[in-house]
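*Asks:* Curious how this folds, go ahead:
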Amino acid sequence: AAPAPAAPSKFQLRLVESLVAKRVLSSPRAVAAMARTDRARYLPDVYRGSPDAAYYDAPLPIGYSATISAPHMHAYALELLAEPVTAAAAARGEVRVLDVGSGSGYLVAALAELAFGGGDTDTQEGATTGVVVGIEHVEPLAEASRRFLRSDKPQWSGAVD
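*Replies:* Here you go, the predicted model:
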(Lines give C-alpha, C1' and ligand atoms only; values in the text may rest on other atoms or scores of the structure.)
Protein backbone atom coordinates (compact mmCIF):
# COMPACT_ATOMS: atom_id res chain seq x y z
CA ALA A 1 0.00 0.00 0.00
CA ALA A 2 1.15 3.53 -0.75
CA PRO A 3 2.09 5.71 2.21
CA ALA A 4 -0.54 8.13 3.42
CA PRO A 5 -0.13 11.81 2.54
CA ALA A 6 0.97 14.24 5.23
CA ALA A 7 -1.74 16.22 6.98
CA PRO A 8 -2.10 19.84 5.88
CA SER A 9 -0.54 22.46 8.12
CA LYS A 10 -2.56 24.67 10.42
CA PHE A 11 -1.56 27.55 8.12
CA GLN A 12 -3.18 25.87 5.11
CA LEU A 13 -6.33 25.24 7.11
CA ARG A 14 -6.40 28.91 8.18
CA LEU A 15 -5.98 29.96 4.54
CA VAL A 16 -8.93 27.78 3.54
CA GLU A 17 -11.01 29.14 6.43
CA SER A 18 -10.21 32.67 5.23
CA LEU A 19 -11.31 31.82 1.67
CA VAL A 20 -14.54 30.33 3.04
CA ALA A 21 -15.16 33.45 5.15
CA LYS A 22 -14.65 35.61 2.04
CA ARG A 23 -17.11 33.32 0.20
CA VAL A 24 -14.52 32.40 -2.41
CA LEU A 25 -14.82 28.74 -1.38
CA SER A 26 -18.17 27.20 -0.48
CA SER A 27 -18.77 23.73 -1.93
CA PRO A 28 -17.77 20.93 0.45
CA ARG A 29 -15.70 19.15 -2.24
CA ALA A 30 -13.73 22.28 -3.15
CA VAL A 31 -13.13 23.18 0.49
CA ALA A 32 -11.91 19.67 1.28
CA ALA A 33 -9.71 19.48 -1.82
CA MET A 34 -7.99 22.75 -1.02
CA ALA A 35 -7.63 21.87 2.67
CA ARG A 36 -5.91 18.58 1.76
CA THR A 37 -3.46 20.24 -0.66
CA ASP A 38 -0.91 22.31 1.24
CA ARG A 39 0.42 25.14 -0.95
CA ALA A 40 3.81 25.24 0.82
CA ARG A 41 4.61 21.78 -0.58
CA TYR A 42 4.48 23.14 -4.15
CA LEU A 43 6.94 26.00 -3.80
CA PRO A 44 10.66 26.15 -4.64
CA ASP A 45 13.24 25.84 -1.87
CA VAL A 46 13.76 29.62 -1.82
CA TYR A 47 10.55 29.87 0.26
CA ARG A 48 11.68 27.38 2.91
CA GLY A 49 13.16 30.24 4.97
CA SER A 50 9.80 32.01 5.23
CA PRO A 51 7.17 29.28 5.29
CA ASP A 52 4.31 31.70 5.97
CA ALA A 53 4.79 33.22 2.48
CA ALA A 54 3.04 30.16 1.06
CA TYR A 55 -0.17 31.15 2.77
CA TYR A 56 -0.47 34.75 1.59
CA ASP A 57 -3.31 35.23 -0.88
CA ALA A 58 -0.94 36.41 -3.58
CA PRO A 59 0.88 34.91 -6.56
CA LEU A 60 4.50 33.91 -5.91
CA PRO A 61 7.36 33.57 -8.40
CA ILE A 62 8.39 29.94 -8.98
CA GLY A 63 11.12 30.61 -11.54
CA TYR A 64 11.32 30.79 -15.33
CA SER A 65 9.10 33.91 -15.37
CA ALA A 66 6.23 31.85 -13.95
CA THR A 67 4.19 32.19 -10.78
CA ILE A 68 2.03 29.98 -8.64
CA SER A 69 -1.36 31.69 -8.73
CA ALA A 70 -2.86 33.31 -5.67
CA PRO A 71 -4.87 30.87 -3.54
CA HIS A 72 -8.14 32.63 -4.33
CA MET A 73 -7.58 31.86 -8.04
CA HIS A 74 -7.11 28.17 -7.26
CA ALA A 75 -10.23 28.32 -5.10
CA TYR A 76 -12.25 29.81 -7.98
CA ALA A 77 -11.03 27.04 -10.30
CA LEU A 78 -12.00 24.35 -7.78
CA GLU A 79 -15.42 25.93 -7.24
CA LEU A 80 -16.09 26.14 -10.98
CA LEU A 81 -15.15 22.49 -11.46
CA ALA A 82 -16.71 21.01 -8.31
CA GLU A 83 -20.16 20.48 -9.84
CA PRO A 84 -18.99 19.09 -13.22
CA VAL A 85 -16.51 16.76 -11.50
CA THR A 86 -19.20 15.60 -9.07
CA ALA A 87 -21.63 15.02 -11.95
CA ALA A 88 -19.06 13.05 -13.96
CA ALA A 89 -18.18 10.91 -10.95
CA ALA A 90 -21.86 10.20 -10.27
CA ALA A 91 -22.82 9.51 -13.90
CA ARG A 92 -19.80 7.56 -15.10
CA GLY A 93 -17.60 6.91 -12.07
CA GLU A 94 -14.86 8.47 -14.18
CA VAL A 95 -13.35 11.96 -14.24
CA ARG A 96 -11.02 13.60 -16.75
CA VAL A 97 -9.47 16.99 -15.97
CA LEU A 98 -6.77 18.94 -17.82
CA ASP A 99 -4.65 21.77 -16.39
CA VAL A 100 -2.67 23.57 -19.10
CA GLY A 101 0.32 25.50 -17.80
CA SER A 102 0.42 23.54 -14.56
CA GLY A 103 3.54 25.23 -13.16
CA SER A 104 4.41 23.73 -9.79
CA GLY A 105 1.57 21.19 -9.89
CA TYR A 106 -0.43 22.68 -7.02
CA LEU A 107 -3.70 22.95 -8.92
CA VAL A 108 -3.19 19.48 -10.43
CA ALA A 109 -2.93 18.05 -6.91
CA ALA A 110 -5.98 19.98 -5.71
CA LEU A 111 -7.94 18.88 -8.80
CA ALA A 112 -6.98 15.25 -8.11
CA GLU A 113 -8.23 15.67 -4.54
CA LEU A 114 -11.44 17.17 -5.93
CA ALA A 115 -11.87 14.27 -8.37
CA PHE A 116 -10.71 11.30 -6.33
CA GLY A 117 -10.51 12.46 -2.71
CA GLY A 118 -14.25 12.44 -2.17
CA GLY A 119 -14.65 15.88 -0.60
CA ASP A 120 -17.67 15.66 1.69
CA THR A 121 -17.23 11.99 2.47
CA ASP A 122 -20.55 11.75 4.30
CA THR A 123 -22.58 12.45 1.17
CA GLN A 124 -20.31 12.20 -1.88
CA GLU A 125 -17.82 9.78 -3.25
CA GLY A 126 -14.94 10.61 -5.52
CA ALA A 127 -14.56 9.11 -8.96
CA THR A 128 -13.39 5.51 -9.10
CA THR A 129 -11.36 5.96 -12.28
CA GLY A 130 -10.13 8.75 -14.46
CA VAL A 131 -7.22 11.07 -14.87
CA VAL A 132 -6.07 14.55 -13.95
CA VAL A 133 -3.39 15.76 -16.35
CA GLY A 134 -1.11 18.75 -15.94
CA ILE A 135 0.76 20.04 -18.96
CA GLU A 136 3.77 22.29 -18.46
CA HIS A 137 6.07 23.32 -21.32
CA VAL A 138 8.95 24.54 -19.11
CA GLU A 139 10.76 21.28 -18.39
CA PRO A 140 12.36 22.33 -15.07
CA LEU A 141 8.91 23.35 -13.79
CA ALA A 142 7.42 20.09 -15.06
CA GLU A 143 10.13 18.13 -13.24
CA ALA A 144 9.60 20.12 -10.04
CA SER A 145 5.85 19.51 -10.36
CA ARG A 146 6.39 15.76 -10.61
CA ARG A 147 8.74 15.84 -7.60
CA PHE A 148 6.26 17.88 -5.51
CA LEU A 149 3.35 15.61 -6.46
CA ARG A 150 5.26 12.41 -5.64
CA SER A 151 6.30 13.85 -2.29
CA ASP A 152 2.96 15.36 -1.26
CA LYS A 153 0.61 12.75 -2.70
CA PRO A 154 2.48 9.42 -2.34
CA GLN A 155 -0.78 7.51 -2.80
CA TRP A 156 -0.72 8.66 -6.44
CA SER A 157 3.05 8.50 -7.03
CA GLY A 158 2.72 5.60 -9.46
CA ALA A 159 0.44 7.74 -11.62
CA VAL A 160 2.73 10.80 -11.75
CA ASP A 161 4.66 11.12 -15.00
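*Asks:* Please determine how far the residue nearest to the spatial centre of the chain is located from P154.
*Replies:* Most central in the chain under Cα atoms, centre = their mean is A110, positioned 1.9 Å from the mean C-alpha point. For A110, the distance to P154 equals 16 Å [Cβ to Cβ, to the nearest Å]. To be clear about C-beta, it is placed using only N, CA and C from the backbone, and glycine gets the same treatment.
*Asks:* V46 now?
*Replies:* For V46, the distance to P154 (Cβ to Cβ) stands at 24 Å.
*Asks:* Of those two, which one has the most company?
*Replies:* Per other Cβ atoms under 10 Å, whichever of V46 and P154 has more neighbours is P154, with 15 against 12.
*Asks:* Find the helix or strand that T67 is a member of.
*Replies:* When elements are assigned from DSSP states H and E, T67 belongs to strand 66-68.
*Asks:* So which residues of the chain form helices?
*Replies:* Assignment of helices within the chain using DSSP state H yields the ranges 10-21, 28-35, 71-92, 106-116, 139-152.
*Asks:* so which of those helices gets nearest A54?
*Replies:* helix 10-21 (7.3 Å; Cβ to Cβ).
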